[in-house]
Every structure is written in C-alpha cells, then in structure tokens.
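sequence first, predicted coordinates after that:
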Amino acid sequence: MNKRTQTTLITLALLSLLAFFMFGCAPCCCPWGGFDLNDLRDLNELTGTGGTVRGTAYIKSATTDPVPNVTVEIGTHTAQTDADGGFEIKDISPGKYTIRIYGGDLGYTGSVTVKKGEVTDLGSVYLHPTLPPPNTEYPTDAEGVITAYYEAINAKDYSKALTYLTGQMGGSTEDSLRSSYEPYIKNVSIARIDRTPEMDYGGRLIYIVTFTAEYIKQYPAGSGYLPTVHSMILVNDQWKIQEIGTG
C-alpha cells in the first residue's frame, strides 16, 4: 500500500468517525438518537461573535451603597448582581437593547448598544425608586396617576414622575424625561381627562388628556404640542402609564 493510499484511507476513516458523532448510526442501533439541532446553544456561545455588557448597580446618589441580588435583563439574557452590585452578561448578539435592572422597590431602564467581540462597560448604574416614597399616597385610579405624573413633570421631579411609568415605557430615565420636557415646557397642568373605552386594547385603558401648558418652543414632531393619548395598565394592583402618544 503506497503512502497516498494510506493517507486517503485515514482521511476517510476520520470523516466516517466525525459523521458518526454528528448524525448517529441507524435508529435501530443508536440508543441516543443521533445529533439534534435543537440541542445547540446560542450560536454566539459557539462562535464567540457576541458582545459583553457589565456594570455596577447602586442606589440613586449613593455610590458607596451597591445593590446586590437584583435582576439585570438585556433582551432574552438575564443575570443577578453579585454581593458588590456588579454584573456581567456575555454572548449577547450585536445590536441595540433595552436594559432593565430591578428588584424590590428599585429599578432602572435604559439602552445599551452591544458590539461584536467588545465589552461595553456601563460603569455605575443608579437605580431609582419604582414606587413612591413611603409617606406618599399612590393614586388609586388611573386618572389620579395621570394627574400625579404631570404634577411631578411640572415640578421637574423626574425621579417621582418615573414611579408612575411602567419599566417598558420607551426606556425612560430621569435624563430622558428631562430632555423630553424641559426644552419645550415651561409649566403644565391638566385641564381635563376623558375616558375613551372604544380605544381600549389588551387590558389597557385609554384616556385623552387636555393640557393647560406654557410652551418654550414646539416639539419638532407630531402636532408640536404635548401628546394627548395615554395608555394605562395595572401593575401589581397599581395603575401605570404604559404609553403616551398621539393616537
């Protein structure tokens, strides 16, 4: 047997062995049923093409007080902060995501861009109260929540305003609320709130809000004024603003 023939036979043997482990033998003699594509982990875990996001969760304005054992959620990936408030999530597909950190009465919602093969370090992430302060009575009805929200906006108390929003509302943060109102609104109050049951959907109640507001300048989109349509949803027996739009 010449050297070329030996090499060919060895190659064929290796290919046969690889095919056996990948696809299994015939059903009658293969007890584990062969290779199942459904058993594959996330492709990023196999190829290393994902990115990593890490950071440290703190209570608002208290950098010496980290928040342990709260949930960090980025897309379909979740993790828990460690004893020092730190977290790291690997193998996230590249793209822009909403990041939510929540636990107990604290929460944070923001956005993060994940890049292939890179580590995105968020540094210090400050959680804010997701419920009103203990001595503040939370409104019991949806209209009361809408009113309380705009009272907080008028007072420029964006931390309190966030307590009336769901965590899913556009990735709202104190900074995003400030940029949405301060350049455009000098002051605002509610003139009336109208219930519109014909617009309800998916367990959400829809209200049309009429404002009395003094504008610094008009918004560049929509009518140029505050959007009027408010979608309300129950979260843990409390009404929250799920969406604000023009309809």
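The structure has been received and is ready for your questions.

can you list the domain ranges for this protein.
The record's domain split for the chain, according to automatic domain parsing, is 3-39, 48-129, 142-245.

can I get those domains in CSV with mean neighbour count?
For every residue, glycine as well, the C-beta is placed using N, CA and C. Shown next, in CSV, are those (neighbours: other CB atoms under 10 Å):
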stretch, mean neighbour count
domain 3-39, 9
domain 48-129, 16
domain 142-245, 16
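
for this protein, which segments count as helices?
3-23, 43-47, 142-154, 158-162, 174-181 (DSSP state H).

if we can go back for a sec, going by mean pLDDT, which of the domains of the chain comes out lowest?
Here the lowest mean pLDDT among the domains of the chain goes to domain 3-39, at a mean of 44.

ok now do A221, which residues does it touch?
With contacts taken as CB atoms under 8 Å, 6 or more residues apart in numbering, A221 has no neighbouring residues.

swap that for I146, sorry
Residues counted as contacts of I146 (CB under 8 Å, 6+ apart) are Y164, I190, I193, Y207, V209, H230, M232, I241.

make sure the last one is actually in contact with E143.
No. Distance between I241 and E143: 11.5 Å, which falls outside the contact criterion (CB atoms under 8 Å).

quick one, strands of this structure?
Secondary structure of the chain (DSSP state E): strands at 51-59, 62-66, 71-74, 77-80, 86-92, 95-103, 106-114, 119-129, 185-195, 205-215, 229-235, 238-245.

and the first one with strand 106-114, angle?
The one in question is strand 51-59. With axes from the mean of the first three to the mean of the last three CA atoms, to 10 degrees applied, the angle from strand 51-59 to strand 106-114 works out at 160 degrees.

restrict strand 51-59 to CA atoms and write it as PDB.
What follows is strand 51-59, C-alpha atoms only, in PDB (Å, rounded to 0.1, in the frame of the first residue of the first chain):
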ATOM      1  CA  GLY A  51     -20.600  41.100  23.000                       C
ATOM      2  CA  THR A  52     -20.400  41.600  26.700                       C
ATOM      3  CA  VAL A  53     -22.200  44.100  29.000                       C
ATOM      4  CA  ARG A  54     -21.100  44.800  32.500                       C
ATOM      5  CA  GLY A  55     -21.500  47.400  35.200                       C
ATOM      6  CA  THR A  56     -22.300  48.000  38.900                       C
ATOM      7  CA  ALA A  57     -25.800  48.900  40.300                       C
ATOM      8  CA  TYR A  58     -26.000  51.500  43.000                       C
ATOM      9  CA  ILE A  59     -28.900  53.200  44.900                       C
END
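
partners of it in the sheet?
Applying DSSP bridges to the sheet, strand 51-59 is found paired with strand 62-66 (antiparallel), strand 86-92 (antiparallel), strand 119-129 (parallel).

closest to N154 out of the ones you listed?
Within the strands paired with strand 51-59, the stretch nearest N154 is strand 119-129; the backing value is 19.0 Å (CB to CB).

now the closest one and strand 95-103, what's the angle there?
Angle of strand 119-129 versus strand 95-103, following the same axes, to 10 degrees, is 40 degrees.

so how far is strand 119-129 off the chain centroid?
Taking CA atoms, centre = their mean, to the nearest Å, the mean C-alpha location of strand 119-129 is offset from the chain mean by 13 Å.

now do that strand: everything it contacts.
Strand 119-129 has contacts (CB under 8 Å, 6+ apart) with 51-61, 63, 67, 70, 99, 101-102, 105-108, 110, 112-114, 159, 162-163, 174.
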